[in-house]
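Asker: Requesting a structural model of the entry that follows:
(2 chains)
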Number of protein chains: 2
Amino acid sequence: MVNVQDEILDLLENLAAAEYYHEFLRENGTKDFLFIRPSGNPIDSDGFKKMTLCGDVIDNYSEIIDIDKLELLSDTSAMCVFIMRENFEYKGIKNDDVAIYTSILKKIKNQWMFSFIHRSSGEVDMSLWNRLRQSMT
Amino acid sequence: MVNVQDEILDLLENLAAAEYYHEFLRENGTKDFLFIRPSGNPIDSDGFKKMTLCGDVIDNYSEIIDIDKLELLSDTSAMCVFIMRENFEYKGIKNDDVAIYTSILKKIKNQWMFSFIHRSSGEVDMSLWNRLRQSMT
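Answerer: Residues are numbered from 1 along each chain as shown, chains lettered A, B, ... in the order given. Below you'll find the predicted structure:
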């Protein structure tokens, strides 16, 4: 039997591997899925679709580099705070972002899905996270 | 009997009214409370204490201006996404921030507490949120 943690880790890996967010979210996002950008402004899957189709963003590669918090809040809901590196080009400018993602996940018809994501800006300092963890042990 | 929604709204109002975050969080934050700044870097209640005591920050006033999402995930856990305006001075420079706060709340010994907050940067554009809400109705 697959455990919850493995199912959620699979979902994160699939997010990182996804070519187009709007396609990924169609299969792996709840109907009311909401994404909050670093500015605090919202974007939904249609917004991601427009962003991809206009050709401004070229996604090179993304990888999950850390999971800070993974907590089951009920049998069908969880929160996960993870750190993802994203290497992409935006209007010709290269970016190599390391950002924190706070996410709420829901299990719907036996499948874990993203219900909500809030992304920080892309300059996470991993040494600060490591120091915090050391101070908590 | 007070309902859950009112209890959580009270907690938010008390956060906005709090003079010092580190004092507020001692009474209203879980032991493992974690705050993520717009940069994606963490700060705990000790960090808030240092920030306040060094005198760099003068908090003028804060107010909750909107609640975008309030969802009970179990009898003892909830998520709340709210918008807070914060008027403050940082090292003599005046700020008037409007930021999104994603929070996880837990009911511990019959009291709702903040377990986690992720704050966006302070330039939320309310018109984008209003447009999103209109498109969803």
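Asker: Pull out the C-alpha coordinates of stretch A:104-124 and format them as CSV.
Answerer: Extracted in CSV, the C-alpha atoms of stretch A:104-124 (Å, rounded to 0.1, in the frame of the first residue of the first chain):
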residue,chain,number,x,y,z
ILE,A,104,-2.8,23.0,0.5
LEU,A,105,-3.5,19.6,-0.9
LYS,A,106,-6.8,17.7,-1.0
LYS,A,107,-7.7,14.1,-1.7
ILE,A,108,-10.5,14.0,-4.2
LYS,A,109,-11.8,10.7,-5.5
ASN,A,110,-8.7,8.9,-4.1
GLN,A,111,-6.3,11.3,-5.8
TRP,A,112,-4.2,14.0,-4.0
MET,A,113,-4.5,17.4,-5.8
PHE,A,114,-3.3,20.9,-5.3
SER,A,115,-6.0,23.1,-3.9
PHE,A,116,-3.9,26.2,-3.2
ILE,A,117,-0.3,27.4,-3.7
HIS,A,118,1.3,30.6,-2.4
ARG,A,119,4.8,31.3,-3.9
SER,A,120,7.4,33.5,-2.4
SER,A,121,9.9,35.6,-4.4
GLY,A,122,12.8,33.6,-5.9
GLU,A,123,15.7,34.5,-3.6
VAL,A,124,15.3,32.0,-0.7
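Asker: What are the buried residues along it?
Answerer: Residues of stretch A:104-124 classed as buried: A:104-107, A:112-122, A:124 (neighbour count, 16 or more other CB atoms under 10 Å in any protein chain shown). Quick note: C-beta positions are derived from backbone N, CA and C, even for glycine.
Asker: Spatially nearest residue to A:Ile8, not counting backbone neighbours?
Answerer: Computed as CB to CB, 6 or more residues apart in numbering or on different chains, the closest residue to A:Ile8 that is not its neighbour in sequence is A:Trp112, at 5.6 Å.
Asker: Can you classify the one you found as helix, strand or coil?
Answerer: strand (DSSP: H, G, I helix; E, B strand; the rest coil).
Asker: Next one: it from chain B, what distance?
Answerer: A:Trp112 sits 14 Å away from chain B, going by CB to the nearest CB, to the nearest Å.
Asker: Kindly state the beta-bridge partners for that residue.
Answerer: On the basis of DSSP bridges, A:Trp112 takes part in beta bridges with A:Lys107.
Asker: Model confidence at it, what's the number?
Answerer: Looking at A:Trp112, its pLDDT stands at 97.
Asker: Looks like it contacts A:Lys106 (just checking).
Answerer: Yes - counting by CB atoms under 8 Å, A:Trp112 does reach A:Lys106; the two are 7.4 Å apart.
Asker: anything in contact with each of the two?
Answerer: Residues touching both A:Trp112 and A:Lys106 (CB atoms under 8 Å, 6 or more residues apart in numbering or on different chains) are A:Ala78.
Asker: Around chain B, which positions in chain A sit nearby?
Answerer: A:32, A:34, A:36-42, A:44, A:69, A:73-74, A:77, A:79, A:81, A:83, A:98-100, A:102, A:104, A:116, A:118, A:120-125, A:128-129, A:132, A:136 (CB under 8 Å from any CB of the partner chain).
Asker: Report the contact partners of A:Tyr90.
Answerer: Per CB under 8 Å, 6+ apart, neighbours of A:Tyr90: A:Asp56, A:Val57.
Asker: Check it and give its pLDDT.
Answerer: Looking at A:Tyr90, the pLDDT reads 86.
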